[in-house]
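In: kindly generate the corresponding structure for this input.
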Amino acid sequence: MASATLQQLDRVFGALADPTRRAILARLASGEATVNELVAPFELSQPTISKHLKVLERAGLVSRGREAQFRPVRLQAAALAGAAQWLGGYRRFWEESLDQLDEYVKDMKRKERRRERK
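Out: Here you go, the predicted structure:
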């Protein structure tokens, strides 16, 4: 992976590490919102939410528009695709590990049944 791609991935995961930012993204998944609308469900100040939005913006997860006095914040889900792709690379590992665990459990149950019959 190229250095720029890894830096972007770091920014995305860094942004997703905070529960407030994840909650903001969840809200934006249902549609754009103003900063004031995003502040409402949190016990945080508008400047604090704005700081969270800047982190999300740098990660490419949100964009801010300008329509007269209305400045909507929008989810930019494309940045999540890169993170999902990176995580997907580990899917095979986890599936194989779970398959091995399943076989181990089945083997242990077979051995236990044999002992019980004796």
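
In: let me see the backbone angles for residue 74.
Out: Per-residue torsions, residue 74: phi -120, psi 140 (degrees, to the nearest 10).

In: so who does it touch?
Out: 28, 32, 62, 63, 64, 65 (C-beta atoms under 8 Å, 6 or more residues apart in numbering). All C-beta atoms are positioned from the backbone trio N, CA, C, and that covers glycine.

In: show me which helix runs longest in this structure.
Out: With secondary structure taken from DSSP state H, the chain has its longest helix at helix 91-117.

In: check which helices and strands it sits against.
Out: If you count contacts as 3 or more C-beta pairs under 8 Å, 6 or more residues apart in numbering; DSSP states H and E, helix 91-117 packs onto no helix or strand.

In: for burial, what's the neighbour tally of residue 49?
Out: 20 (other C-beta atoms under 10 Å).

In: not counting its neighbours along the chain, what's nearest the spatially most central residue of the chain?
Out: Against the mean C-alpha coordinate of the chain, by C-alpha atoms, centre = their mean, the closest residue is residue 16 at 5.2 Å. Leaving aside its sequence neighbours, residue 16 sits nearest to residue 22 (C-beta to C-beta, 6 or more residues apart in numbering; 6.1 Å).

In: check which helix or strand covers the one you found.
Out: Counting by DSSP states H and E, the element that carries residue 22 is helix 19-28.

In: tell me what that helix is packed against?
Out: Applying 3+ C-beta pairs under 8 Å, 6+ apart, one finds that helix 19-28 makes contact with helix 3-16, helix 35-39, helix 46-58, strand 62-64, strand 73-75.

In: for it, which outside residues touch it?
Out: Residues outside helix 19-28 that contact it (C-beta under 8 Å, 6+ apart): 15-16, 33, 38, 41-42, 44, 49, 52-53, 55-56, 61-62, 73-75.

In: going through those, which ones are buried?
Out: Among these, the ones that count as buried by 16 or more other C-beta atoms under 10 Å are 15-16, 33, 38, 49, 52-53, 55-56, 61-62, 73, 75.

In: which two among these are spaced furthest apart?
Out: Across the buried ones among the contacts of helix 19-28, the longest distance by C-beta to C-beta is 18.6 Å; it joins 16 and 33.

In: re earlier: between the contacts of residue 74, which sits nearest residue 104?
Out: Nearest to residue 104 among these, counting by C-beta to C-beta, is residue 28 at 42.6 Å.
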